[in-house]
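Visitor: need a structure here:
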Amino acid sequence: MSGMNQTSNPDAIASFCPRFHHAVELIGSRWTGAIVRALLSGVTRFSEITQAVPGLSDRMLSERLKELETEGVVERRVLPETPVRIEYHLTEKGEALAGAVYAISEWANAWVEPMPSEIAPGSSAAR
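Guide: Residues are numbered from 1 along each chain as shown. Sure thing, here's the model as predicted:
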């Protein structure tokens with residue numbers, strides 16, 4: 001049994017875990033994963049996040065940032081400049097999601113087919 005990993009050993013994972021469920025519900029909310037990924041890439045301003053995540057409305061971004069702030073994943077910083085500047089940064093708790101985000105990205109690159117709108121015209125994937 002020493003060579004078995006958790007995915008091949010059904011006894012290694014309980015069928016339900018409330019912490020896991022809450023985490024998946026939080027990060028799995030529409031747009032949240034993309035927002036966390038954008039923050040991991042180094043963007044900090046509201047406008048930078050909307051540019052980094054195509055299709056994300058200002059209202060939805062505001063809502064998701066508030067949820068992430070409430071959960072302690074994101075910190076909102078008000079910089080006393082003229083005009084006032086607001087930045088969003090991942091907390092230690094948010095930074096700890098990096099491994100999960102990278103793992104999901106690797107999985108997606110290996111297993112998820114691109115949407116037709118994501119394929120550049122003339123690329124080999126478009127044929």
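
Visitor: what sits against the residue nearest to the spatial centre of the chain?
Guide: By Cα atoms, centre = their mean, the chain has its centre lying nearest to G33, at 2.2 Å. Residues counted as contacts of G33 (Cβ atoms under 8 Å, 6 or more residues apart in numbering) are 27, 101, 104. The C-beta positions use only the backbone N, C-alpha and C, and glycine is treated the same way.

Visitor: is it true that it lies in a helix?
Guide: Yes: G33 forms part of a helix when assessed by DSSP: H, G, I helix; E, B strand; the rest coil.

Visitor: so what pLDDT did it get?
Guide: pLDDT, G33: 96.

Visitor: Tell me which other helices or strands the lowest-mean-pLDDT helix or strand in the chain touches.
Guide: Lowest by mean pLDDT, DSSP states H and E among the helices and strands of the chain is helix 18-27, with a mean of 93. Packing contacts for helix 18-27, counted by 3 or more Cβ pairs under 8 Å, 6 or more residues apart in numbering; DSSP states H and E, involve helix 32-40.

Visitor: and the angle from the helix it packs on to helix 18-27?
Guide: 80 degrees (axes from the mean of the first three to the mean of the last three Cα atoms, to 10 degrees).

Visitor: What residues sit buried inside helix 32-40?
Guide: Buried positions in helix 32-40, judged by neighbour count with 16 or more other Cβ atoms under 10 Å: 32-39.
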